[in-house]
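**Q** Need a 3D model of the sequence below.
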Amino acid sequence: MKSKRIQLFAIIAAMMILVSACLNYERDNPEDRNGTTFRASSVEAPVFSPSAGTYSTDQSVAITSSTSDAVICYTDDGSTTPACNSAKDACSAGTKYSAAIAVAGDGTSKSFQAMACKSGMDDSTVASATITIDYGAVSIPQFSVASGTYTSDQSVTITTTTPDAVICYTDDGAVPVCNGAKDACDTGTQYSGAVNISATTTLKALACKVGYDDSTLATATYTKDTTAPTLVSSTPDNAATSVDPTTGTITLVFSENMDTSQTTHTLTTGIHNGTSFVSTPNSATFTWENATTLKIRLSWVQFPETSQIQWTLAKTNIKDAAGNGLAADITRTFTTKSRNTYFPIADTGQTGCYYNNAGTWTLDDTCSQTYSVGSTTHPQGQDAHYPNTPTTPAALPDPRPMLRTLLTTPPKIT
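**A** Below you'll find the model as predicted:
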């Protein structure tokens, strides 16, 4: 009985030795009789965050593996392959990852390679990623006032959305240039406040910043209106004839918007005496009906009739909205016609009609008889229809000579 127990223990021990040997063999020679490979599980490959790419701002690169407690070895020169030591607790090639790696500065590029290892597991595959920093260019400067034609001075501000960028500008056509340190201007003026534009000017602006490419050149042209206004039309028109004398006003239309705040002007007038124009006093009032139309009302109230009239408006104070004055005084002439003359007719006070009945004028109170011009018995007309002859008014004197005298020779007041 005792010998059987000894034999049983011997068999169990032998079997344990055999199993251990088989396991060691499979570990050291991972192929079975059919050539199938047996391997321990591998560490998960490292992952980069952010992923490979080009970025406009500095980056902080983290490297992780989903296998817990794995050691990560990395390189950033693009040529050296990282490797773990045999104990798989450090790196035989590369750097053991412990914290995020900074990739900073315009133009900086790092080509990372990383692998992860852990005791009892196969090493991960090597992962790679290239991280490049390219700040790009400073944003193009912006002008607060767009290019165009203006009638007044302009205050132009220049900005860029890139923080702390230096802006260099010129107003003489030259191209602005930043210095090498990108903290001042080699050509142009460093912008510090609004630029006043009081004449036709072209602004050019460039923005720069350390670590960035210079911005695109920005350009804006401001044209100041320097063209003198001109008279488009006048009413009465120049050299007009048969002008109604009762209007008494002159209307002027100019070519562009005018400075309507100016209402003090100088107008001289003259009336032709058959030989030349004789200065005739007046005190006109001036009213701007709109931005381009000036109405002049003469103190005469009405124009002298059947007269050739000349007026001259001095260019002083006649300016457009930009302040440009007339190039010369304005002179125009026109000729008026006579007024219609009306004479009163005397009222006879009669209400009936009369006809000649056998030599006697007989009342026809209903005017039912037939009357005709030239008839001897039933004449048509006031004398035939009414028993008395209306009073003939005296002829009115021609007022024109007296009016000319008054206009050309004002009475003296003592």
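**Q** could you pull out the strands for the stretch 201-350 of the chain?
**A** Secondary structure of the stretch 201-350 of the chain (DSSP state E, counting those that start in this stretch): strands at 201-208, 218-224, 231-235, 240-243, 249-254, 267-272, 277-280, 285-288, 293-297, 308-313, 330-336.
**Q** brain fart, the stretch 1-150 of the chain
**A** Using DSSP E, counting those that start in this stretch, strands in the stretch 1-150 of the chain cover 47-49, 53-55, 59-64, 71-75, 83-84, 91-93, 95-96, 101-103, 109-117, 127-133, 142-143, 148-150.
**Q** Buried deepest among the ones you listed, which one?
**A** strand 71-75 (a mean of 24; mean count of other Cβ atoms under 10 Å). For glycine as for every other residue, the C-beta is placed from the backbone atoms N, C-alpha and C.
**Q** what lines up beside that strand in the sheet?
**A** strand 95-96 (antiparallel), strand 109-117 (antiparallel) (DSSP bridges).
**Q** Next, format these as a markdown table and append distance to residue 223 and mean pLDDT.
**A** Shown next, in a markdown table, are the strands paired with strand 71-75 (distance: least, Cβ to Cβ, whole Å; pLDDT from 0 to 100):
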| stretch | distance to residue 223 | mean pLDDT |
| --- | --- | --- |
| strand 95-96 | 64 | 97 |
| strand 109-117 | 48 | 97 |
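**Q** Make TSV from those strands and add distance to residue 360 to it.
**A** Below are the strands paired with strand 71-75 laid out as TSV (distance: least, Cβ to Cβ, whole Å):
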stretch	distance to residue 360
strand 95-96	151
strand 109-117	137
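**Q** quick one: which of these is nearest residue 279?
**A** strand 109-117 (89.9 Å; Cβ to Cβ).
**Q** Hey, what's the angle from the closest one to strand 59-64? Just curious.
**A** For strand 109-117 against strand 59-64, the angle by axes from the mean of the first three to the mean of the last three Cα atoms, to 10 degrees is 20 degrees.
**Q** How about residues contacting strand 109-117?
**A** 43-46, 48, 61, 63, 65, 67, 70-78, 80-84, 88, 94, 97, 101, 103, 123-133 (Cβ atoms under 8 Å, 6 or more residues apart in numbering).
**Q** starting at the chain centroid, how far to that strand?
**A** When C-alpha coordinates are averaged (Cα atoms, centre = their mean, to the nearest Å), strand 109-117 and its chain have centres 53 Å apart.
**Q** now do stretch 46-60
**A** Centroid separation for stretch 46-60 versus its chain: 41 Å, with Cα atoms, centre = their mean.
**Q** quick one: average pLDDT of it?
**A** Mean pLDDT, stretch 46-60: 95.
**Q** do stretch 299-315 as well
**A** Average pLDDT, stretch 299-315: 92.
**Q** Check stretch 220-229 too.
**A** 93.
**Q** What lies in contact with that stretch?
**A** Contacts to stretch 220-229, defined as Cβ under 8 Å, 6+ apart, come from residues 143, 145-151, 153-154, 156, 197-203, 254-256, 258, 318-322, 324-327.
**Q** coming back round to it: out of the strands of the stretch 201-350 of the chain, deepest packed?
**A** strand 201-208 comes out most buried of the strands of the stretch 201-350 of the chain by mean count of other Cβ under 10 Å, with a mean of 23.
**Q** now the angle from it to strand 218-224?
**A** 160 degrees.
**Q** same for strand 201-208, what does it pack against?
**A** strand 166-170, strand 177-178, strand 218-224 (3 or more Cβ pairs under 8 Å, 6 or more residues apart in numbering; DSSP states H and E).
**Q** Let's have those in a markdown table, adding distance to residue 333.
**A** A markdown table is the format used below for those (distance: least, Cβ to Cβ, whole Å):
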| stretch | distance to residue 333 |
| --- | --- |
| strand 166-170 | 53 |
| strand 177-178 | 62 |
| strand 218-224 | 36 |
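**Q** Between the ones you listed, which one is closest to residue 107.
**A** When the helices and strands packed on strand 201-208 are compared by Cβ to Cβ, strand 177-178 sits nearest residue 107, at 17.5 Å.
**Q** mind listing what the closest one pairs with, with the direction of each?
**A** When pairing is defined by DSSP bridges, strand 177-178 lines up against strand 185-187 (antiparallel).
**Q** mind checking how far the helix or strand following the partner strand is from the chain centre?
**A** Using DSSP states H and E, the helix or strand that follows strand 185-187 in sequence is strand 189-190. Distance of strand 189-190 from its chain centroid, counting by Cα atoms, centre = their mean, is 25 Å.
**Q** Show me which residues of the next helix or strand after strand 189-190 are buried.
**A** Using DSSP H and E, the helix or strand that directly follows strand 189-190 along the chain is strand 195-197. The neighbour-count check on strand 195-197 (16 or more other Cβ atoms under 10 Å) flags 195, 197 as buried.
**Q** so what secondary structure elements neighbour strand 195-197?
**A** strand 154-156.
**Q** partners of the strand it packs on in the sheet?
**A** In the sheet, strand 154-156 lines up against strand 195-197 (antiparallel) (DSSP bridges).
**Q** can you give me the mean pLDDT across the strand it pairs with?
**A** Here the average pLDDT along strand 195-197 is 97.
**Q** Check the gap between the residue nearest the centre of the chain and residue 116 for me.
**A** The chain has residue 146 as the residue nearest its centroid, 5.4 Å off, counting by Cα atoms, centre = their mean. Between residue 146 and residue 116 the distance, using Cβ to Cβ, to the nearest Å, works out to 59 Å.
**Q** Residue 81 now?
**A** 14 Å.
**Q** ditto for residue 366
**A** 135 Å.
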